[in-house]
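> Below are the sequence and a predicted model; questions follow.
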2 protein chains.
Amino acid sequence: MNLYLSIKKILFKTPARTIFTIYFMFALVAGFILWLPISQKDGVSISYIDALFISISALASAGLSPIPLYDTFNLFGGIVTLLIIQIGGLGIVLLVASYWVISGKKIGLRERSIIAAEQNQFTVKGIIRLISNALIAILVIQIIYLVVMTFYLYVKQPFDLTFGGAFFHAAFLAASSFANAGFEMFPTLSSFVVFQEKGMYFPQYASMVLIFFGGVGFWPLAEITLYFKSIFKKKRYKISYISKLLMFLHLLILVITIMIYTGLEFNNTLRFMSMPEAITDVLFMSTSVRSAGFTNTSNLAWSESTKLFMSVLMFIGAAPNSSGGGVRMTTIILLFSTLLSYGRHKKQVKVFKKAIKEAAVKRALIVFSMGILLVFVSTFLVSIAEPSKKIMDVAFEVSSAFGTVGLTLNFTSTISNFTKVILMINMFVGRIGILTLLEVLDNKKTANVVTYAEIDMMVG
Amino acid sequence: MNLYLSIKKILFKTPARTIFTIYFMFALVAGFILWLPISQKDGVSISYIDALFISISALASAGLSPIPLYDTFNLFGGIVTLLIIQIGGLGIVLLVASYWVISGKKIGLRERSIIAAEQNQFTVKGIIRLISNALIAILVIQIIYLVVMTFYLYVKQPFDLTFGGAFFHAAFLAASSFANAGFEMFPTLSSFVVFQEKGMYFPQYASMVLIFFGGVGFWPLAEITLYFKSIFKKKRYKISYISKLLMFLHLLILVITIMIYTGLEFNNTLRFMSMPEAITDVLFMSTSVRSAGFTNTSNLAWSESTKLFMSVLMFIGAAPNSSGGGVRMTTIILLFSTLLSYGRHKKQVKVFKKAIKEAAVKRALIVFSMGILLVFVSTFLVSIAEPSKKIMDVAFEVSSAFGTVGLTLNFTSTISNFTKVILMINMFVGRIGILTLLEVLDNKKTANVVTYAEIDMMVG
Ligand SMILES: [K+]
Ligand SMILES: [K+]
């Protein structure tokens, strides 16, 4: 009993540790359920490490998988996977919090600080308002998609489905698109390839909308809800700087990606496509690469430069507080602003006319550096374990895991258990975030205030 | 006249700009001399871009070259190259300063701040003492090497040289080893390969000593001189924390490199060597990869993992104030300390029991991030320009340029002019340092003191 208490104390001492522990335990249990025979089709048997891999991948909205889901899981296993994706997409803590909101349970300061830590907010103020309004937006968007796609799949019949089957697959795509998970349960590994081949472009554009809103994060989603509410009430609502910034950055990176991707593949993969096919491919892949990881054509034919470019985008990832991974795009914009302002001896770093706190700048630099270290060390270790693979393909797969994107170069289906573990670590860290990881080491609740005389040091 | 004055004002406004301008102009002029027919053998003609490439490569102590030096340059051209290497190794500004010291010219505050900026010191105090004592160490070490190697080459005759020829080549190797330049003027591209093949190991070990002291930086060199002087005077001299740290870090990274390199190549290149050959290879390559860039066996047979590992080492580079490039090893130790202390909510970053100033920590993070960006963008651009090359080989070559190392995978001899320009930029930035580059943008001498209200921002 004392042992139980002291373990509990170690595992839940700080908000960061609580988040780490909850995610980790959830992944273990969900992996166990997927591993049980009741989740699998007759005659199929998978190892626990593969089940755990899929569990972490679904929880992290990554979408990488060492085995094809459709051939492995029965309906029960499919529903379990779908639930893990939804829970991972919303964030476990967010889900617990919404339960509190719905059940009317009073949320104490400790609970608030855990939610604040997971949602990476600076204050706990307004978190509850954020959650409930974001949930409304999530629900509305997903239900519209679900209804439309169910009928689309049933009428157009790209996969010969019953109405129930169409509903299940539409639900799966809704969860997977919004959570930027990239998982699919179609017989073929990528349903968007089938759509593309049959000249069906609607599902791509519909999913792009969900991917965008899923990747932009809870804060803008909540504010969009508040904005529409205010129109309904004929009041004025001013969307905050941070929400505008996130949406603007998301679109800006998307536009840059579209231009560079087009340039890189113009004389390669794109030249074999018709005009609508090529446009859909560029828009869909540019939207998908930041976090979702769906694919509508084969990425194996990409040039080496495109693979490198896509790896960088996967490393950057989506917005903070979204289901996307990576170092997050705010980290990158802060990094660029810092580098430019450093040279010019500015006292403060500014992003679009707003001065940014020194502590935030430092956090961004730390997150970027730690992300680079993690991806490099992982790539190095995997390259030793998989000597037959090219480094670029290894780096691509590791970036895909860290960015919880899930794009793959036919890689994850042929790897050793050691490589699986490395990829799992990257997906897990990509999901909980680097700052949470670094804070897990901490066993104090407050900063160490003892200071020592400081020295300077020469660098670069 | 007014135009001349305003150009001069722009180019020399700040210490960083002055350094940038001096290096850049020197490279242009030295490249011009190498391009002239008087520098070249009969019947040889090279383009100005190749001459400029060699000039920048020699100035930056990089050692990359698109053409074989021995087949191109006559004795005059060889001596010019040797002089560029010596000047680059010492640092142009340091050389000007030593002229001032020798000539007894009074050094004003402006001159001091330029020297301080180039030598990357925090104060101008003690710079003069540093310079004169470092010069003594440099002179003593190089003269011993020159004498010993002249006789060694003349007696052992690995290349059939006259005594004058042996002297010239020993001088070339002395300059090239100490400056960590990696250039050679032997008929074969790598003389150490010849030594190794003939079972001659002495030159490798002799050069290792020079490479080590050249890579450890001026500060420890000066202090070692002061230490020996004090023994001579029977006084006590306490070597400073920073010098000890630099020597310790240099050795520490060397030991780690030896272990990992041995592990990576044990079943690959090393298995085909005799025991003394393998030991010499491991020690020599581990010493060489951080900055010197000499090679004693073929690196083409390295595994992909080894190439990645070596690229990382080249990116890290040697000590600040040394002729090595890269982000410098102090940046890396500060980075690791910062990452570890962040998670633990420590107020200060500590390196080996000393607390480090917040500004130094920030500089380290900026240098690391900017270095990563430079190498990634360069690799991306080169991969577009050279579609037939593998990304790993491109990244290796770019890291080699940025780290001013000069190891190559038979790459630089077959590249386009665009790629040459990219590699030149990397060598140049590697030499002058990232902080100097960032400060070149600045046109104010003091920091901007106007401050704005700050906001926080979520990252990773
Ligand atoms: K994904
Ligand atoms: K070199």
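Thanks, I have the structure now. Numbers count the residues shown, from 1 in each chain, chains lettered A, B, ... in the order given. Ligands and ions are numbered 1, 2, ... in the order given.
> what ranges do the strands span in chain A?
A:349-351, A:354-356, A:454-455 (DSSP state E).
> Adding mean pLDDT and distance to B:F218, write these out as JSON lines.
Bear in mind the C-beta positions are built from the backbone N, C-alpha and C, glycine included. Converted to JSON lines, those look like this (pLDDT from 0 to 100; distance: least, CB to CB, whole Å):
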{"stretch": "strand A:349-351", "mean pLDDT": "73", "distance to B:F218": "33"}
{"stretch": "strand A:354-356", "mean pLDDT": "76", "distance to B:F218": "37"}
{"stretch": "strand A:454-455", "mean pLDDT": "56", "distance to B:F218": "19"}
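> most tightly surrounded among the ones you listed?
strand A:349-351 (a mean of 20; mean count of other CB atoms under 10 Å in any protein chain shown).
> wait, A:L335 sits on A:K362?
No: contact status for A:L335 versus A:K362: not in contact, 11.3 Å apart, counting by CB atoms under 8 Å.
> count of neighbours near A:F380?
22 (other CB atoms under 10 Å in any protein chain shown).
> Name the nearest residue to A:T225, ignoring sequence neighbours.
Leaving aside its chain neighbours, A:T225 sits nearest to A:N133 (4.2 Å; criterion: CB to CB, 6 or more residues apart in numbering or on different chains).
> residues in contact with the one you found?
A:221-223, A:225-226, A:229 (CB atoms under 8 Å, 6 or more residues apart in numbering or on different chains).
> next one: A:S47
A:S47 sits in contact with A:W35, where contact means CB under 8 Å, 6+ apart.
> What pLDDT does the model give A:E386?
A:E386 carries a pLDDT value of 90.
> Could you tell me how far it is located from A:W219?
Distance of A:E386 to A:W219, computed by CB to CB, to the nearest Å: 39 Å.
> can you check A:F202 too?
29 Å.
> Comparing those two, which residue is more hemmed in?
A:W219 (25 against 13).
> wait, that one sits on A:Y241?
No: using CB under 8 Å, A:W219 is not in contact with A:Y241, being 10.9 Å away.
> of all the strands of chain A, which lies closest to ligand 1?
For the strands of chain A, proximity to ligand 1 was assessed by CB to the ion; strand A:349-351 is nearest, at 26.8 Å.
> Would you mind listing which of the contacts of A:N133 are buried?
For the contacts of A:N133, a burial check counting by 16 or more other CB atoms under 10 Å in any protein chain shown picks out A:221-223, A:225-226.
> from the residues you listed, which is closest to B:L153?
Closest approach between the buried ones among the contacts of A:N133 and B:L153, by CB to CB: A:L221, at 73.1 Å.
> need the contact list for the residue of the stretch 201-350 of chain A found nearest ligand 2.
The minimum distance from the stretch 201-350 of chain A to ligand 2, using CB to the ion, falls at A:L308 (25.7 Å). Taking CB under 8 Å, 6+ apart, we find A:L308 in contact with A:392, A:395, B:379-380, B:383, B:391.
> Out of these, the closest to A:L435 would be?
Of the contacts of A:L308, the one sitting nearest to A:L435 (CB to CB) turns out to be A:A395, at 23.3 Å.
> Fine, thanks again, bye for now.
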